[in-house]
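*Asks:* Got a sequence here, can you build the structure:
(chains A and B)
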Amino acid sequence: MFFLRHGSGLFILQNFTRFQIHFHPSRFRVKGLLLLSILIISFSNCRTQPTAVPQIVAPLREMTDDLGRTVKMPATVERAVSLAPNLTEIAFAVEAGDKLIGRTSYDDYPAAAQKIPTVGDTLNPNIENIIALKPQVVLVSTASQIETFTKQLEAQNIAIFVTNPNGLDDIYKSIYQIGKIFGKDAKAGEVVDILKRRVADVEARTATADDVKIFVQISKEPLFTVGKESFINDVINRAGAVSVTANVPTAYPKLSKETALALNPDAVILSDSPDNREPNEVFANSPAVKNNKIFRVNAELISRPSPRIVDALEQIARDLHPDSFQ
Amino acid sequence: MKPKIPDSRFQISDSRLRKFRFGVVLLFVLGLAIFIAALLGSEKLSFFDLNEQQKTILFDIRLPRILLGASVGASLALAGASLQSLLRNPLAEPYLLGVSNGAALGTMLAFVFFAQFELARPVMAFAGACLATFVVYQMAKSRAGMNVERLVLSGVIVTTFLSSIIVLLTSLLDAAKLRSFTFWLLGDLSQSTINGFYLSFFAVIVGTIILLKYARALNLMMIGERDALDFGVEVRQTRLAVFAASSLLVGTAVAASGSVGYVGLIVPHLVRLAIGSDNRFVIPFSALAGAIFVVAADTVARVAIAPRELPVGAITALIGAPLFIYLLRRN
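*Replies:* Down below sits the predicted model:
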């Protein structure tokens, strides 16, 4: 108790969601639900033709996800929940958006996705909502918090497929995998081919140009940037640039301002959000600010490992190498 | 008769000399801590010939942060020392009494609604701290006067209530803002500016003057409020002054750096162990010791995993919690 108050806001935040789950109003409706289900069961028994339950009859297939887990799922997936905006985007890109029955509140693209019911946000998905939707597969983007609900979902015969892209090639792989899950292999191949062609075009144009030293600013205060483990490094390199923080551990480190000041980037890329519209004051004397090489990239494009990452790639390449795109 | 008078005089001056010496040592250690902290950082500086960029790093980034850390440490230790004496409770601390969380909520509201005004954060933090203190105080008051157990209990209730409002607010904020708040809630000095230091230092000076003025009264109140009344202490006035001063100190500290824990709890205890419980000395020396503690902890936070950074609150808790348990066992 004492330590909680002093030590860790984060811990309190994480635990709060457990309270939410614990005190969810549906707990109080359990008796009502029980009565209702008894009624439904007795009515369904009156029917003469018993209907087969597809999940049980359908044959299972095995797929390996990005964590190396072997995931068993039905041969045909008609009901899936996506717990990350990039996975929702990929599902729509391979024309399987109609098979999504749940998404998180962050999944806002394409517009059609906004009609799908939400199951909490990516950091705190609501497990009761997910189970109630009876999905066959749940698509998860990061490995961070799945331990907390993997067992509960697997106990309900719901498969969990985890993607963890580290670069463009992994994003192509995610597209293939999600295409395969929904039986849209051909469409996934088409999507990836188009993306590869666009990336090849950018790479050809920037091949002869010198790499630009850039700083990617994720948040102005406190100063967060892109570290070693982020997929964004690959995107930056293909755009004819190199991140000055590419050797800093973790994916999105909070960087010391002293170090940031000494990095002297030639350009600053801002992940565009209301509180990240300007470069941090430490860059005031950097070549980036002096030569006005400050570029804003839509945060959705640069932060999501989805097909739209190529839009970000093209924009960054154009901004940094305008001569190569004339 | 004659030998006794110089003897007792000598004893008093000896004890005072010891305390005076302790103060000088603390001042020296604080100076040393600031100097060493200025030498250390994620960027290596060669101090004999600094180029323009290194000057900027030292004077615009590193020193303001060190000075603000010292000022925040002094504020929290001052508030802790005075509240412990006033409430005759060794656990009394800005966090336990809800003052910190009141300030934190005020800062958050300022951030959400008045982000464009720089002064809104400390002002609303002070207002939040005052409001929390007032509510706790009103809850603790009964017809029989103020009861210390009730006060601590009300403090815990207000603290947890405000915590849940803070958590609720962070849940409603969007992801980008959430990130800065989770860091700030853990105590973070990375957003230090020299103006932030001036404001916090001003609060430390004002707070110290007010608290020193009531140091004698606090000494008497440590015996008991009844007895203090008998000695002619203005109990109500003293209480009001200490609450106002600690709200000011905690408000400015929290607005500048979030929740840096354990400083207000363990620093005054260590000072009392060294020089006894006379508030005329405990109050100023706690300020110095608190400053040393936070400067040292923040240096660790800056250097430990450079070029990345840790929140300073995690370091103070990491040192403070075991130290507090050790003190508990010793007594």
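
*Asks:* pLDDT score for B:Pro3?
*Replies:* At B:Pro3, the model reports a pLDDT of 50.

*Asks:* Run through the helices of the stretch 201-326 of chain A in chain order.
*Replies:* A:232-238, A:257-263, A:287-290, A:299-303, A:309-320 (DSSP state H, counting those that start in this stretch).

*Asks:* Count the neighbours of the residue lying closest to A:Asp185 once chain neighbours are set aside for me.
*Replies:* Sequence neighbours aside, A:Gly179 is the residue nearest to A:Asp185 in space, at 5.2 Å (criterion: C-beta to C-beta, 6 or more residues apart in numbering or on different chains). All C-beta spots, glycine's among them, are computed from the backbone N, C-alpha and C. Residues lying near A:Gly179 (other C-beta atoms under 10 Å in any protein chain shown) number 24.

*Asks:* From chain B, how far out is A:Gly179?
*Replies:* With the distance defined as C-beta to the nearest C-beta, to the nearest Å, A:Gly179 ends up 28 Å from chain B.

*Asks:* May I see the buried residues of the helix or strand harbouring that residue?
*Replies:* A:Gly179 belongs to helix A:168-181 when elements are defined using DSSP states H and E. The neighbour-count criterion (16 or more other C-beta atoms under 10 Å in any protein chain shown) identifies A:168, A:170-179, A:181 as the buried residues of helix A:168-181.

*Asks:* what sits against B:Leu40?
*Replies:* The neighbours of B:Leu40, taking C-beta atoms under 8 Å, 6 or more residues apart in numbering or on different chains as the test, are B:299, B:302-303.

*Asks:* Please report which of these has the highest neighbour count.
*Replies:* B:Arg302 (28 neighbours).

*Asks:* any idea how far that one is from B:Leu310?
*Replies:* Note on B:Arg302: its distance to B:Leu310, by C-beta to C-beta, to the nearest Å, is 8 Å.

*Asks:* ok, now A:Thr259?
*Replies:* A:Thr259 is 14 Å from B:Leu310, by C-beta to C-beta.

*Asks:* now A:Gln152
*Replies:* A:Gln152 is 33 Å from B:Leu310, by C-beta to C-beta.

*Asks:* More neighbours: those two, which one.
*Replies:* B:Leu310 (21 against 13).

*Asks:* Go ahead and confirm the more buried one touches B:Ala301.
*Replies:* Yes - at 4.4 Å, B:Leu310 and B:Ala301 qualify as touching, with contact defined as C-beta atoms under 8 Å.

*Asks:* and the gap between the residue of the stretch 51-200 of chain B found nearest chain A and A:Pro222?
*Replies:* For the stretch 51-200 of chain B and chain A, the shortest gap (C-beta to the nearest C-beta) falls at B:Leu185, measuring 2.9 Å. B:Leu185 sits 12 Å away from A:Pro222, going by C-beta to C-beta.

*Asks:* What residues does the stretch 101-250 of chain B have near chain A?
*Replies:* Taking C-beta under 8 Å from any C-beta of the partner chain as the contact definition, the stretch 101-250 of chain B meets chain A at B:115, B:159, B:163-164, B:167, B:170-171, B:175-177, B:179-186, B:188, B:190-191.

*Asks:* quick revisit: the helices of the stretch 201-326 of chain A: which one's closest to B:Val123?
*Replies:* helix A:257-263 (25.7 Å; C-beta to C-beta).

*Asks:* I'd like the mean pLDDT over the one helix or strand B:Leu273 maps to, please.
*Replies:* Taking DSSP H and E as the definition, B:Leu273 sits inside helix B:263-275. Helix B:263-275 shows a mean pLDDT of 93.

*Asks:* same check, this time on stretch B:84-102
*Replies:* 86.

*Asks:* residue boundaries of the strands in the stretch 101-250 of chain B?
*Replies:* With DSSP state E, counting those that start in this stretch as the criterion, the stretch 101-250 of chain B has strands at B:141-142, B:145-146.

*Asks:* By mean pLDDT, show me the worst of those.
*Replies:* When I compare the strands of the stretch 101-250 of chain B, strand B:145-146 is least confident, with a mean of 66.

*Asks:* Where does pLDDT dip in the stretch 101-250 of chain A?
*Replies:* Applying pLDDT under 70 to the stretch 101-250 of chain A flags the ranges A:143-145.

*Asks:* Skipping adjacent residues, who's closest to B:Ala296 in space?
*Replies:* That would be B:Ala33: by C-beta to C-beta, 6+ apart, it lies 5.8 Å from B:Ala296.

*Asks:* next one: B:Phe47
*Replies:* B:Leu39 (7.3 Å).

*Asks:* ditto for B:Leu249
*Replies:* In space, and not counting its chain neighbours, B:Leu249 is closest to B:Ser75: 4.0 Å by C-beta to C-beta, 6+ apart.

*Asks:* Counting neighbours, what do you get for the one you found?
*Replies:* 35.

*Asks:* Over to the one 5 residues further on?
*Replies:* B:Gly80 is flanked by 28 other residues according to other C-beta under 10 Å.

*Asks:* Settle this for me: it is touching B:Gly264, isn't it.
*Replies:* Yes - applying C-beta under 8 Å, one finds B:Gly80 in contact with B:Gly264, separated by 2.7 Å.

*Asks:* Find the residues that touch each one of those two.
*Replies:* With C-beta under 8 Å, 6+ apart, B:Gly80 and B:Gly264 have common neighbours B:93-94, B:290.

*Asks:* Mind putting those residues into a markdown table with secondary structure, distance to chain A and neighbour count?
*Replies:* Shown next, in a markdown table, are the shared contacts of B:Gly80 and B:Gly264 (DSSP: H, G, I helix; E, B strand; the rest coil; distance: C-beta to the nearest C-beta, whole Å; neighbours: other C-beta atoms under 10 Å in any protein chain shown):
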| residue | secondary structure | distance to chain A | neighbour count |
| --- | --- | --- | --- |
| B:Glu93 | coil | 9 | 30 |
| B:Pro94 | coil | 11 | 34 |
| B:Gly290 | helix | 15 | 33 |
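
*Asks:* For B:Asp60, state which of these is nearest.
*Replies:* B:Gly290 (25.0 Å).

*Asks:* What residues sit buried inside stretch B:29-37?
*Replies:* So for stretch B:29-37, counting by 16+ other C-beta under 10 Å, buried means B:29-30, B:33-34, B:37.

*Asks:* quick check: mean pLDDT across it?
*Replies:* 96.

*Asks:* From the chain's centre, how far out is that stretch? Work that out for me.
*Replies:* Counting by C-alpha atoms, centre = their mean, to the nearest Å, stretch B:29-37 is centred 19 Å from the centre of its parent chain.

*Asks:* Could you do stretch A:190-203 as well?
*Replies:* Distance, centroid of stretch A:190-203 to centroid of chain: 21 Å (C-alpha atoms, centre = their mean).

*Asks:* what's the answer for stretch B:198-209, then?
*Replies:* In terms of C-alpha atoms, centre = their mean, the centre of stretch B:198-209 is found 11 Å from the chain centre.

*Asks:* Same check on stretch B:91-111?
*Replies:* On C-alpha atoms, centre = their mean, the centre of stretch B:91-111 falls 12 Å from that of its chain.

*Asks:* Please tell me I have it right and A:Asp66 contacts A:Ile160.
*Replies:* No - judged on C-beta under 8 Å, A:Asp66 makes no contact with A:Ile160 at a distance of 11.8 Å.

*Asks:* With neighbour numbers in mind, choose between these two.
*Replies:* Applying other C-beta under 10 Å to A:Asp66 and A:Ile160 shows that A:Ile160 carries more neighbours, namely 22 against 19.

*Asks:* Ramachandran coordinates for the more buried one?
*Replies:* phi -120, psi 120 (degrees, to the nearest 10).

*Asks:* Can you give me every residue that contacts the most centrally placed residue in chain B?
*Replies:* Closest residue to the average C-alpha location of chain B: B:Leu76 at 0.4 Å, with C-alpha atoms, centre = their mean. When contacts are counted by C-beta under 8 Å, 6+ apart, B:Leu76 is found next to B:94, B:249-250, B:253, B:260, B:263-264, B:267, B:290, B:294.
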